[in-house]
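A.B. asks: Starting from these lines, generate the structure:
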Amino acid sequence: WCYELTKDWEKCIADCRMALKYEKTEDFDYSRIYNELAWALVNVNKPADALDPIKKAIKLDHTQGNYWDTEAEAKYKTGDYIGCISSATNAIAIGKTKDNASWLDNSYYWRGMAKKQIGDMAGAFQDLESSIECAEDDEDFETKAQSALSSIDASIIDFSIGNFAIKYENFAITKQREDK
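C.D. replies: Sure thing, here's the model as predicted:
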């Protein structure tokens, strides 16, 4: 699968579609081809078209974290932020059990971006930090993730944490009074 190196996504799409014509006739794990097709479609700005093949890939093999990662990115780019968070969470959970989970940086990134879209700034901040930590020698990715991270107003996160602490403290005081 050299398409990642050449970025010839249109050729990848054509080759995957050709290979999938043999799905019913050949004994082969086609989940990888479905994922590759979905990934290529995401890369040519057709994320909605990627949803069907990635669902097929996951149905054939739900244990591949990179398939869930592809689905997370496609869902984010179609505006399904809750679906993105769910798919990215699956990818991250699988990745934590692997020695070489090359998709983790991407999964944390898209989950963080989706959390930002739904207003979970603390979660977004944590995930974007994790994406940078997981990035391995990819300066472009690190720059993209750092830019997203710096766009989050840290004072909002501090306020949310402080507000939580105040609410918790008030709950504890109220609970102590009730117990007396």
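A.B. asks: Now name the helix or strand holding the residue sitting nearest the centre point of the chain.
C.D. replies: When the chain is reduced to its mean C-alpha position, the closest residue under Cα atoms, centre = their mean turns out to be Ser107, at 3.0 Å. Ser107 belongs to helix 104-117 when assigned by DSSP states H and E.
A.B. asks: packing partners for the helix or strand that that helix is followed by?
C.D. replies: For helix 104-117, the following helix or strand on the C-terminal side (DSSP H and E) is helix 121-134. Applying 3 or more Cβ pairs under 8 Å, 6 or more residues apart in numbering; DSSP states H and E, one finds that helix 121-134 contacts helix 104-117, helix 139-150, helix 154-179. (Glycine included, C-beta is placed from N, CA and C.)
A.B. asks: related to what we said a few turns ago, I'd say the residue nearest to the centre of the chain and Gly95 touch.
C.D. replies: Yes: if you go by Cβ atoms under 8 Å, Ser107 and Gly95 touch, sitting 6.6 Å apart.
A.B. asks: so what sits against both of these two?
C.D. replies: Common neighbours of Ser107 and Gly95, counting by Cβ atoms under 8 Å, 6 or more residues apart in numbering, are Gly65.
A.B. asks: Show me where the protein dips below the pLDDT cut-off.
C.D. replies: Where the chain drops to pLDDT under 70, the residues are 1-6, 154-180.
A.B. asks: which ones are touching the nearest residue to the residue nearest to the centre of the chain once chain neighbours are set aside?
C.D. replies: Leaving out its chain neighbours, the residue that sits closest to Ser107 by Cβ to Cβ, 6 or more residues apart in numbering is Ala91, at 4.0 Å. With contacts defined as Cβ under 8 Å, 6+ apart, Ala91 is in contact with 65-69, 72, 103-104, 107.
A.B. asks: rerun at 10 Å
C.D. replies: Residues near Ala91 by Cβ atoms under 10 Å, 6 or more residues apart in numbering: 64-73, 101, 103-104, 106-108, 110-111.
A.B. asks: Report the buried residues of stretch 74-89.
C.D. replies: If you call a residue buried by 16 or more other Cβ atoms under 10 Å, then stretch 74-89 has these buried ones: 74-78, 80-81, 83-88.
A.B. asks: how far out from the middle of the chain is the helix holding Ser107?
C.D. replies: On the basis of Cα atoms, centre = their mean, to the nearest Å, helix 104-117 is displaced by 5 Å from the centre of the chain it belongs to.
A.B. asks: Asn106: what's its closest spatial neighbour, skipping adjacent residues?
C.D. replies: Setting aside the residues directly before and after it, Asn106 is nearest to Asp69 in space (Cβ to Cβ, 6+ apart), at 5.4 Å.
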